[in-house]
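>>> Give me the fold of what follows.
(4 chains)
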4 protein chains.
Amino acid sequence: MRDERDWGQFHSAANLAKSVAIEAGELLECFQWSEDADHERVEQELADVVTYCILLADKLDVDLDAIVMAKLQSTRRKYPVDKAKGRSTKYDAL
Amino acid sequence: MRDERDWGQFHSAANLAKSVAIEAGELLECFQWSEDADHERVEQELADVVTYCILLADKLDVDLDAIVMAKLQSTRRKYPVDKAKGRSTKYDAL
Amino acid sequence: MRDERDWGQFHSAANLAKSVAIEAGELLECFQWSEDADHERVEQELADVVTYCILLADKLDVDLDAIVMAKLQSTRRKYPVDKAKGRSTKYDAL
Amino acid sequence: MRDERDWGQFHSAANLAKSVAIEAGELLECFQWSEDADHERVEQELADVVTYCILLADKLDVDLDAIVMAKLQSTRRKYPVDKAKGRSTKYDAL
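You can find the predicted model right below:
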């Protein structure tokens, strides 16, 4: 779709990172004054964030699923179950 | 992994949306002063953004791939190839 | 201070806008999992956001106090007391 | 103005921090695809960011000018002129 529209020229990695942050702000806006957000609007904004993440991964030529799995493995190691259970403390303060 | 650590209690949809925005800020930080970012650091931060997106989709009980595809279809309709080709103009100004 | 360090070269308006967003993410991080944030850390992060706002206003050659006051006047008009009292509804839905 | 409209009830420190991040995303949007942003729109979005910063400082009962000055002093110390001149390196890598 991006290629059909010649949009690749705007899609530098830096511009895509900005776009992820912009859309993340719109996602957050759903929860600005209340915990109860409109479900459909949240879905739309979440989809926008992820779309730019996919475009950025594509630009960087990395496999998004693979880096998410790798990160998950590393987080598992940083937050062992016996220390992190039921706590939201950051790993360097555990 | 979240369940093993009893972290579900912190993972309200609102907190996850905040987390997406926080991690998007860290991703953007890779490009703060330059277009040339450290590739590995970008991957890590991108993985963090997507991880929270997955957790939020899970919390909302929606299929992330499905909403991304649905959004893509709707964007295709808003930006017809003949009007949008080679332009970064927003759809309501096309 | 910026001039003593020759940092003006990095301070394009776009880079300063990124910096505001990055620091806003760090401010938000104080409240990631809880409403109770460390007061001193919030102050520090808030100061960082405002510092970049001041640098951006300076770059754009605008008076920050003046634009804040002008915006306040315009918000007053968009949200009349009789309609907006006690509501967080956006002005176009009032 | 906030008090006339009974908006204080929505203005928890956490909600104001979210609002700063949301508005920072809108400011960034001015520069999403290009370094050249519409000057007036940037001013408006910058004013929005600062307005929420002022409300948050007020909520925390801190003097915004004072914390910005204090932060500036501390940054001066972290980035000595002789080391930081002409570089965008973070202080812990200097």
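>>> Tell me who's in contact with the residue lying closest to A:Phe31 once chain neighbours are set aside.
The shortest distance from A:Phe31 to any non-neighbouring residue, by Cβ to Cβ, 6 or more residues apart in numbering or on different chains, is to B:Ala14 (4.2 Å). Yep, even glycine has a C-beta here, placed from its N, CA and C like the rest. Neighbouring residues of B:Ala14 by Cβ atoms under 8 Å, 6 or more residues apart in numbering or on different chains: A:Phe31, A:Glu35, A:Ala37.
>>> Of those residues, grab the buried ones for PyMOL.
This is the PyMOL syntax for the buried subset of the contacts of B:Ala14, where burial follows 16 or more other Cβ atoms under 10 Å in any protein chain shown:
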select buried, chain A and resi 31+37
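>>> With pLDDT and secondary structure added, can I get the contacts of B:Ala14 in a markdown table?
Below are the contacts of B:Ala14 laid out as a markdown table (pLDDT from 0 to 100; DSSP: H, G, I helix; E, B strand; the rest coil):
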| residue | pLDDT | secondary structure |
| --- | --- | --- |
| A:Phe31 | 96 | coil |
| A:Glu35 | 88 | coil |
| A:Ala37 | 93 | coil |
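>>> Just say helix, strand or coil for the residue nearest to A:Phe31.
Under DSSP: H, G, I helix; E, B strand; the rest coil, B:Ala14 falls in the helix class.
>>> can you pull out the helices in chain A?
A:13-29, A:39-60, A:64-78, A:81-84 (DSSP state H).
>>> that older thread, D:Gln73: which of the contacts of B:Ala14 is nearest?
Within the contacts of B:Ala14, the smallest distance to D:Gln73 is 35.5 Å, found for A:Phe31 (Cβ to Cβ).
>>> residues in contact with the closest one?
By Cβ under 8 Å, 6+ apart, the contact set of A:Phe31 is A:Ala37, B:Ala13, B:Ala14, B:Ala17, B:Lys18, D:Lys18.
>>> for A:Ile67, same thing?
A:Ala57, B:Glu43, B:Gln44, B:Leu46, B:Ala47, B:Val50.
>>> Kindly give the local confidence score, pLDDT, for the residue of chain A found nearest chain D.
Going by Cβ to the nearest Cβ, chain D is nearest to A:Gly25 of chain A, at 2.2 Å. Confidence at A:Gly25, expressed as pLDDT, is 98.
>>> which residues touch stretch A:87-94?
Against stretch A:87-94 from outside (Cβ under 8 Å, 6+ apart): A:Lys78, A:Tyr79, A:Lys83, A:Ala84, B:Trp7, B:Phe10, C:Gln32, C:Trp33, C:Ser34.
>>> Quick check: ChimeraX command selecting the buried ones in those residues.
Selection of buried members from those for ChimeraX, criterion 16+ other Cβ under 10 Å:
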select /A:79,84 /B:7,10 /C:32,33
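>>> Same list, the contacts of stretch A:87-94, but as TSV with pLDDT please.
Below are the contacts of stretch A:87-94 laid out as TSV (pLDDT from 0 to 100):
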residue	pLDDT
A:Lys78	84
A:Tyr79	79
A:Lys83	78
A:Ala84	78
B:Trp7	74
B:Phe10	75
C:Gln32	96
C:Trp33	93
C:Ser34	89
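>>> quick one: the residue nearest to A:Phe31 and C:Lys71, what's the gap?
Distance of B:Ala14 to C:Lys71, given as Cβ to Cβ, to the nearest Å: 27 Å.
>>> Count the residues that sit near A:Asp65.
When neighbours are counted by other Cβ atoms under 10 Å in any protein chain shown, A:Asp65 registers 11.
>>> so how far is A:Ala24 from it?
Counting by Cβ to Cβ, the separation of A:Asp65 from A:Ala24 is 20 Å.
>>> now swap in A:Met1 and tell me
22 Å.
>>> Got phi/psi on A:Ala37?
Torsion angles at A:Ala37 (phi, psi; degrees, to the nearest 10) stand at phi -110, psi 160.
>>> ok, it touching A:Glu29?
No - here A:Ala37 lies out of contact with A:Glu29, judged by Cβ atoms under 8 Å, at a distance of 9.0 Å.
>>> How is chain A divided into domains?
Domain segmentation of chain A under automatic domain parsing yields A:1-61, A:63-94.
>>> The shortest one spans what distance, first to last residue?
In domain A:63-94, first residue to last residue: 31 Å (Cα to Cα, to the nearest Å).
>>> That domain: how far from the chain's middle?
In terms of Cα atoms, centre = their mean, to the nearest Å, the centre of domain A:63-94 is found 16 Å from the chain centre.
>>> just to revisit the earlier point, the more surrounded of A:Met1 and A:Ala24?
Per other Cβ under 10 Å, whichever of A:Met1 and A:Ala24 has more neighbours is A:Ala24, with 35 against 11.
>>> the residue most distant from the middle of chain A, which is it?
Distance from the C-alpha centroid of chain A peaks at A:Asp82, with 27.6 Å (Cα atoms, centre = their mean).
>>> What parts of chain A come near chain C?
A:Lys18, A:Ala21, A:Gly25, A:Leu28, A:Gln32, A:Trp33, A:Ser34, A:Ser88 (Cβ under 8 Å from any Cβ of the partner chain).
>>> For chain A, what lies in contact range of chain D?
For chain A, the contact set with chain D under Cβ under 8 Å from any Cβ comprises A:10, A:15, A:18-19, A:21-26, A:28-29, A:31-33.
>>> cutoff 7 Å now
A:10, A:15, A:18-19, A:21-22, A:24-26, A:28-29, A:31-33 (Cβ under 7 Å from any Cβ of the partner chain).
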